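Asks: Sequence unavailable; structure follows:
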């Protein structure tokens, strides 16, 4: 069985792509092959992608400026519009059963997760609202601390983990049957979530700190072991800055320069965004390779076993910083091929592509009070 055949035989779920935010900047018809971006229907089917969690990403500024709840709802409207506009190509999915039933229809299943808990706006009732709208995971924080917890990217630690309200958020996610995503959270936040959650948690788009020493955004071996001990999964990010130590160092240096420049010059809103985008374009990072992603997957397997790793590419969320061989959603067979050559068996491929994540999602569903 070759890699292309396996990519079509088994469900492939990618648990984090930033398609909605990309289309907010420049709208494209993703039902056809698009000149830009990492995702569209033809390339998804070419790569064997069956289901994708589209991130309802809410920029951190909404925490301070207000409007996060409304922004999240508008983004959900946009994602629902994909299925309405192109019903022969996209279908919404809200459960493991949906994913399995939709497999083999030729349609790409779209699930949703909120990236940055700012839209909760201090009101647990908003979580039920978002659950009803189809949100099946929440990444509590992004690049800045919020009212729920501390971020791995924020040098200042406001809560030293979860806020008191944040602890209630974790319990409510368990109650609703909503997956907890520990990507982006600080280390203290991670350990507090692991103490509180009664069901497995997932890092929907993270990589191994083993390859990027000092990068809190990635997971340490100790964290991965605890995640596995509690039956969770790390879905490996494809971003070059997360899977390769050299590129990560360049990324951190560039990020710090941009943050300091913005603060020194008091840039706000569009000015701030424009400077960041332009500086990033004129200061590209070095390249990583598909084998860097393979190494991260293999590290998890060697550390905790085959049952605790999956795919969370971060396509459309890491700009042009993707490894050679993994440039877009048509490339999953390339990754499968490298894993096969490394000695992974067909059943291992099934677990990595979707089996492990679906197991966790099923456990979260079954433990909810609504089940």
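Replies: Cool, the structure landed. All figures in this text were calculated on a predicted structure; none of them were measured in a lab.

Asks: Could you give me the buried positions within the helix or strand of the chain with the lowest mean pLDDT?
Replies: Of all helical and strand segments in the chain, the minimum by mean pLDDT, DSSP states H and E falls on helix 269-282, at a mean of 88. Buried residues in helix 269-282, counting neighbours by 16 or more other Cβ atoms under 10 Å, are found at 272, 276, 280. For glycine as for every other residue, the C-beta is placed from the backbone atoms N, C-alpha and C.

Asks: Next, format the residues you listed as TSV and append distance to residue 128.
Replies: Output for the buried residues of helix 269-282, formatted as TSV (distance: Cβ to Cβ, whole Å):
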residue	distance to residue 128
272	34
276	35
280	38
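
Asks: Nearest to residue 244 among these?
Replies: The nearest member of the buried residues of helix 269-282 to residue 244, counting by Cβ to Cβ, is residue 280 at 17.2 Å.

Asks: I'd like to know how far the closest one sits from residue 129.
Replies: From residue 280 over to residue 129 the distance is 35 Å, taken as Cβ to Cβ, to the nearest Å.

Asks: Now tell me what touches the least confident helix or strand of the chain from outside.
Replies: The contact list for helix 269-282, computed with Cβ atoms under 8 Å, 6 or more residues apart in numbering, reads 61, 254, 257-258, 261-262, 267, 319.

Asks: in the next helix or strand after it, what's buried?
Replies: With elements assigned by DSSP states H and E, the helix or strand that comes after helix 269-282 is helix 290-304. Buried positions in helix 290-304, judged by neighbour count with 16+ other Cβ under 10 Å: 290-301, 303-304.

Asks: what residues does helix 290-304 touch?
Replies: So helix 290-304 is contacted by 207-208, 210-211, 221, 224-225, 227-228, 234, 236, 238, 240, 243-244, 308-309, 323-326, 331, 334-335, 338-339, 342, 352 (Cβ under 8 Å, 6+ apart).

Asks: what distance separates that helix from the middle of the whole chain?
Replies: Here helix 290-304 is found 17 Å from its chain centre; the criterion is Cα atoms, centre = their mean, to the nearest Å.

Asks: what is the mean pLDDT for the very next helix or strand once past it?
Replies: With elements assigned by DSSP H and E, the helix or strand that comes after helix 290-304 is strand 309-311. What strand 309-311 shows for mean pLDDT is 99.

Asks: Give me the contact list for strand 309-311.
Replies: 12-15, 233-236, 297, 300-301, 332, 335, 351-354, 356-357.
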